[in-house]
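Q: Next one to model:
(2 chains)
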Amino acid sequence: NAGVMQNPRHLVRRRGQEARLRCSPMKGHSHVYWYRQLPEEGLKFMVYLQKENIIDESGMPKERFSAEFPKEGPSILRIQQVVRGDSAAYFCASSPSGELFFGEGSRLTVL
Amino acid sequence: SQQGEEDPQALSIQEGENATMNCSYKTSINNLQWYRQNSGRGLVHLILIRSNEREKHSGRLRVTLDTSKKSSSLLITASRAADTASYFCATGDDMRFGAGTRLTVKP
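A: Numbering: from 1, shown residues only, chains lettered A, B, ... in the order given. So this is what the prediction gives:
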């Protein structure tokens, strides 16, 4: 059973471009969480999804950010019109219910 | 939110010593979980303690939970250099993390 897979591991974008981060949860896991982490800081909750439903998006900025977890395929975190402040590590975690299993993160750099 | 808050922010000890870090939260919980993060990698689940449990052990880890004080502690005994990492807590109800405790174990 492969772990949580995130890709790309590293992504460089110029200001104004779009960033798409993918997360394939562990097999059988129907809960997905996204977090953002700045250097030397903790993980900031962004959004919690179950298949085809957003359960809690209270941690996600209202503009430019969106997330989905379709019936088929990975969960996607989409950032439109990126700005330098979006540079961070974005972690995805999946859960059957209870403990979280984390991916290795996607590191976004905005030039 | 239930966000767990860890303290101290940083802790530096010698190999072989014990390390204790604490977590506080705000309202009633079903469970509380501790995680470790090595240098920018994904978090790894260490231990889960349920609200009706007071203490739990896993290897060199000992977790306590005091629901009356809304706090938990993580004790790492006989620490090793490999225990150097950041440690985070989260309540199982909303899975939000605090800033973590950065533990450095000097050889």
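
Q: Please count neighbours and contacts with C-alpha atoms only from this point.
A: Will do.

Q: got the residues of chain B near chain A?
A: Listed as neighbours of chain A in chain B under the rule CA under 8 Å from any CA of the partner chain: B:33, B:41-45, B:48, B:92, B:95-100.

Q: In the residues you listed, find the pair that's most separated.
A: Comparing every pair within the residues of chain B next to chain A by CA to CA identifies B:Arg41 and B:Gly92 as the most remote, at 21.2 Å.

Q: Up against chain B, what does chain A have?
A: Contact residues (CA under 8 Å from any CA) of chain A with chain B: A:41-45, A:91, A:98-105.

Q: still on that earlier bit, let me know the closest of the residues of chain B next to chain A to B:Ser86.
A: Comparing every one of the residues of chain B next to chain A with B:Ser86 (CA to CA), the shortest separation belongs to B:Gly100, at 6.1 Å.

Q: hang on, the earlier thing: can you tell me which of the residues of chain A next to chain B has the most neighbours?
A: Looking at these with neighbours defined as other CA atoms under 10 Å in any protein chain shown, the largest count falls to A:Gly105 at 30 neighbours.

Q: Let me know whether it touches A:Ala88 as I believe.
A: No: counting by CA atoms under 8 Å, no contact exists between A:Gly105 and A:Ala88, whose distance comes to 9.8 Å.

Q: Once you drop chain neighbours, what's closest to A:Gln50?
A: A:His31 (4.7 Å; CA to CA, 6 or more residues apart in numbering or on different chains).

Q: Could you do B:Ser58 as well?
A: The shortest distance from B:Ser58 to any residue that is not its chain neighbour, by CA to CA, 6+ apart, is 7.3 Å, and that residue is B:Ile47.

Q: Break down chain B into its strands, ranges please.
A: Listed in chain order, the strands of chain B (DSSP state E) span B:5-7, B:10-14, B:19-24, B:31-37, B:44-50, B:55-58, B:61-66, B:71-76, B:85-91, B:101-106.

Q: ok now do the residue in chain B positioned nearest to chain A, which residues does it touch?
A: When distances are taken as CA to the nearest CA, chain B reaches nearest to chain A at B:Ala99, 4.0 Å away. Contact analysis of B:Ala99 by CA atoms under 8 Å, 6 or more residues apart in numbering or on different chains lists A:41-43, B:5-6, B:9, B:88.

Q: ok so, going back, next, count neighbours for the residue nearest to B:Ser58.
A: The criterion is other CA under 10 Å. On that basis, B:Ile47 has 19 neighbouring residues.

Q: hey, what's it bridged with?
A: With DSSP bridges applied, the residues forming beta bridges to B:Ile47 are B:Trp34.
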